[in-house]
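Q: Structure, please.
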Amino acid sequence: MSQRGIRKETRLNFEDALTKLPTLLKDEGFGILTEIDVRDTLREKLDVEFRRYRILGACHPPFAHAALLTDLEVGLAMPCNVVVYEDDRGRAVVMAVDPLTVIAGDERLTDIATELRARLSRVLERLV
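A: Next comes the predicted model:
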């Protein structure tokens, strides 16, 4: 666990982690709404080189709907970002937002955030 989210250092390379993640997320009820290639974006916008780094915007529709019915402002914390980057050894590090951290202080959303955290944790645990 990091201060910003749930973290997993894998033995996988970057591409293998990106290939496995959609299925693992789907198994937990998530779909990927967005994918940002940070490396390509920084190269295009700033003409700088950066390690391979992707941000996946994952959404669990039933939980997203329930959360929005509870508090429309929770949309600021959506979707659940999952980050994949290549470390200095060429292995993939995968991080997911911790929904409990994002909704800290709003007890109405605790049950939803707890379940989302458990599901994202299982996704990361299954990456080997």
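Q: low-confidence ranges in the protein?
A: 1-2 (pLDDT under 70).
Q: what are the ranges of the helices in it?
A: Using DSSP state H, the helices of the chain run over 14-27, 38-46, 61-70, 99-102, 110-126.
Q: Point out the most buried one among these.
A: Mean neighbours per residue, mean count of other C-beta atoms under 10 Å, is largest over those for helix 99-102, with a mean of 19. Every residue, glycine included, has its C-beta placed from N, CA and C.
Q: Just give me how far it sits from the chain centre.
A: 12 Å (C-alpha atoms, centre = their mean, to the nearest Å).
Q: In terms of secondary structure, what does it contact?
A: helix 110-126 (3 or more C-beta pairs under 8 Å, 6 or more residues apart in numbering; DSSP states H and E).
Q: Can I get the helix it packs on as PDB, trimmed to CA atoms?
A: C-alpha atoms of helix 110-126 as PDB (Å, rounded to 0.1, in the frame of the first residue of the first chain):
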ATOM      1  CA  THR A 110     -17.900   3.900   3.100                       C
ATOM      2  CA  ASP A 111     -19.600   0.600   2.100                       C
ATOM      3  CA  ILE A 112     -19.200   1.300  -1.600                       C
ATOM      4  CA  ALA A 113     -15.600   2.400  -1.300                       C
ATOM      5  CA  THR A 114     -14.700  -0.600   0.900                       C
ATOM      6  CA  GLU A 115     -16.100  -3.000  -1.700                       C
ATOM      7  CA  LEU A 116     -14.400  -1.200  -4.600                       C
ATOM      8  CA  ARG A 117     -11.100  -1.300  -2.700                       C
ATOM      9  CA  ALA A 118     -11.500  -5.000  -2.100                       C
ATOM     10  CA  ARG A 119     -12.200  -5.600  -5.800                       C
ATOM     11  CA  LEU A 120      -9.200  -3.500  -6.900                       C
ATOM     12  CA  SER A 121      -7.000  -5.200  -4.400                       C
ATOM     13  CA  ARG A 122      -8.000  -8.600  -5.800                       C
ATOM     14  CA  VAL A 123      -7.100  -7.400  -9.300                       C
ATOM     15  CA  LEU A 124      -3.600  -6.400  -8.200                       C
ATOM     16  CA  GLU A 125      -3.200  -9.600  -6.200                       C
ATOM     17  CA  ARG A 126      -3.900 -11.700  -9.300                       C
END
